[in-house]
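Trainee: Show me how the following folds:
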Amino acid sequence: MSDKPVLRVGIGGPVGSGKTALVERLCKQMRERWQIAVVTNDIYT
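Mentor: Have a look, this model is predicted:
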């Protein structure tokens with residue numbers, strides 16, 4: 001286990017609201033500084 005701080009971000013919204021585009025841009029901006037993981041969940045399936 002690491003003693004490094006953890007940043008957790010939750011993104012929600014309706015279909016077509018730009019969630020995936022936002023995640024892509026965030027990951028591209030943050031990948032040099034942070035280790036990144038994306039967990040997805042579709043509550044309707």
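
Trainee: alpha carbons only for contacts and neighbour counts from here, please
Mentor: Noted.

Trainee: which residues sit against stretch 12-24?
Mentor: residue 11 (CA atoms under 8 Å, 6 or more residues apart in numbering).

Trainee: hmm, try it at 10 Å
Mentor: 9, 11, 26, 27, 28, 29, 38 (CA atoms under 10 Å, 6 or more residues apart in numbering).

Trainee: can you pull the contacts of the last one?
Mentor: Which is residue 38. Contacts of residue 38 by CA under 10 Å, 6+ apart are 9, 10, 23, 24, 27.

Trainee: The residues you listed in helices, which ones?
Mentor: Secondary structure assignment by DSSP state H places 23, 24, 27 of those in helices.

Trainee: what about this structure, any weak spots by pLDDT?
Mentor: 1-2, 44-45 (pLDDT under 70).

Trainee: Start from the N-terminal end of it and give the helices.
Mentor: 19-30.

Trainee: Which of the contacts of residue 38 has the largest number of neighbours?
Mentor: residue 27 (16 neighbours; other CA atoms under 10 Å).

Trainee: Check whether that residue really touches residue 9, as I assumed.
Mentor: No: counting by CA atoms under 10 Å, residue 9 is not a contact partner of residue 27; they are 11.5 Å apart.

Trainee: Would you indicate which residues of stretch 20-32 are buried?
Mentor: residue 27 (16 or more other CA atoms under 10 Å).

Trainee: Distance to residue 3 added to the contacts of stretch 12-24, as JSON lines?
Mentor: Formatted as JSON lines, the contacts of stretch 12-24 follow (distance: CA to CA, whole Å):
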{"residue": "9", "distance to residue 3": "19"}
{"residue": "11", "distance to residue 3": "25"}
{"residue": "26", "distance to residue 3": "23"}
{"residue": "27", "distance to residue 3": "22"}
{"residue": "28", "distance to residue 3": "24"}
{"residue": "29", "distance to residue 3": "23"}
{"residue": "38", "distance to residue 3": "21"}
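
Trainee: Just name the closest of the ones in helices among the contacts of residue 38 to residue 5, please.
Mentor: The shortest gap between residue 5 and any of those belongs to residue 27, at 17.4 Å (CA to CA).
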